[in-house]
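Colleague: have a look; sequence and predicted model below, questions after that.
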Amino acid sequence: MDNEKIKALKSAFPHTIPIAAGFLFLSLSYGILMSSKGFSVFYPICMSAFIYAGSMQFASVNLLLSAFNPLAAFILTLMVNCRHLFYGISMLNKYKDTGIKKLFLIFGLTDETFSINVSVDVPDEVDKGWFMFFVTFLNYMYWLLGTIVGSLLGKYITFNTEGIEFVLTALFLVIFINQWLVAKSHTSAIIGVISPIICLAIFGSENFMIPSLILILAIFFIFRKKVE
């Protein structure tokens with residue numbers, strides 16, 4: 001590894017430490033959950049390696065145990081992960097001119113990775129493309145490592161796993177609170193909270209996700225200058 005990559009790795013690593021704490025616990029819980037449902041170690045490991053979609057991986061546990069229904073699986077996946085469409089749009093300029101690294105950057109774009117790459121001011125002496133790559137890679141490895149350990153331990157650990165999926169919700173809440181504390185303006189956060197509440201009241205808990213995202217996007221588009 002040349003000096004440019006080593007410098008980017010050293011710069012990226014400290015920013016991923018808080019994510020490591022959350023990801024290792026979450027993926028450990030996911031691996032244990034999958035094992036408790038009777039899946040072999042290869043299922044959760046392959047899903048973390050090739051799918052790498054935390055909240056959807058938790059949701060997929062019940063899908064894998066339910067009757068075959070590809071349409072329901074597609075709709076659920078769209079509802080859970082469609083937020084990445086908005087992440088992707090906002091990262092177009094960030095990922096520009098990153099070369100072959102862009103493929104992994106797109107694959108590894110998660111809420112937490114997005115939060116770091118979109119907000120951190122990369123030092124001038126550090127290559128921004130490699131910085132974002134190592135943030136993405138390290139977070140990916142944390143998730144994969146936790147899944148492997150959880151899958152192996154799950155065969156020997158037995159306890160009531162009811163409610164374990166909530167750890168992902170807890171992590172999102174912590175990220176939101178952190179962003180609230182460091183942000184100078186809370187307009188975007190308020191819009192992001194109020195819009196789902198309105199859509200929840202109108203469309204119900206089963207159908208509010210996509211309308212919420214559409215409403216948030218519409219508000220940001222209409223009032224983008226004031227929000228900026």
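Modeller: Structure received.

Colleague: okay, CA-based contacts and neighbour counts for the rest of this
Modeller: Noted.

Colleague: need the helices for the chain, in chain order.
Modeller: 3-36, 42-50, 54-65, 70-81, 83-90, 101-107, 111-119, 128-153, 166-182, 187-203, 209-222, 224-227 (DSSP state H).

Colleague: how about those helices in TSV, adding mean pLDDT and mean neighbour count?
Modeller: As requested, these are arranged in TSV below (pLDDT from 0 to 100; neighbours: other C-alpha atoms under 10 Å):
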stretch	mean pLDDT	mean neighbour count
helix 3-36	89	20
helix 42-50	94	18
helix 54-65	85	16
helix 70-81	80	14
helix 83-90	79	13
helix 101-107	94	15
helix 111-119	86	17
helix 128-153	94	22
helix 166-182	71	14
helix 187-203	87	15
helix 209-222	80	16
helix 224-227	66	10
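
Colleague: any idea how far L144 lies from I216?
Modeller: 32 Å (C-alpha to C-alpha, to the nearest Å).

Colleague: do the same with P70
Modeller: Counting by C-alpha to C-alpha, the gap from P70 to I216 is 28 Å.

Colleague: ok, N207 next?
Modeller: N207 is 15 Å from I216, where distance means C-alpha to C-alpha.

Colleague: and the spatially closest residue to D127 that is not a sequence neighbour, what does it touch?
Modeller: Closest residue to D127 in three dimensions, ignoring its sequence neighbours and counting by C-alpha to C-alpha, 6 or more residues apart in numbering: A8, at 6.4 Å. By C-alpha atoms under 8 Å, 6 or more residues apart in numbering, the contact set of A8 is 126-128, 130-131, 134.

Colleague: hmm, try it at 6 Å
Modeller: A8 makes contact with 126, 130-131 under the criterion C-alpha atoms under 6 Å, 6 or more residues apart in numbering.

Colleague: K128 versus that one, what's the distance?
Modeller: 8 Å.

Colleague: one more: I17?
Modeller: I17 is 19 Å from K128, where distance means C-alpha to C-alpha.
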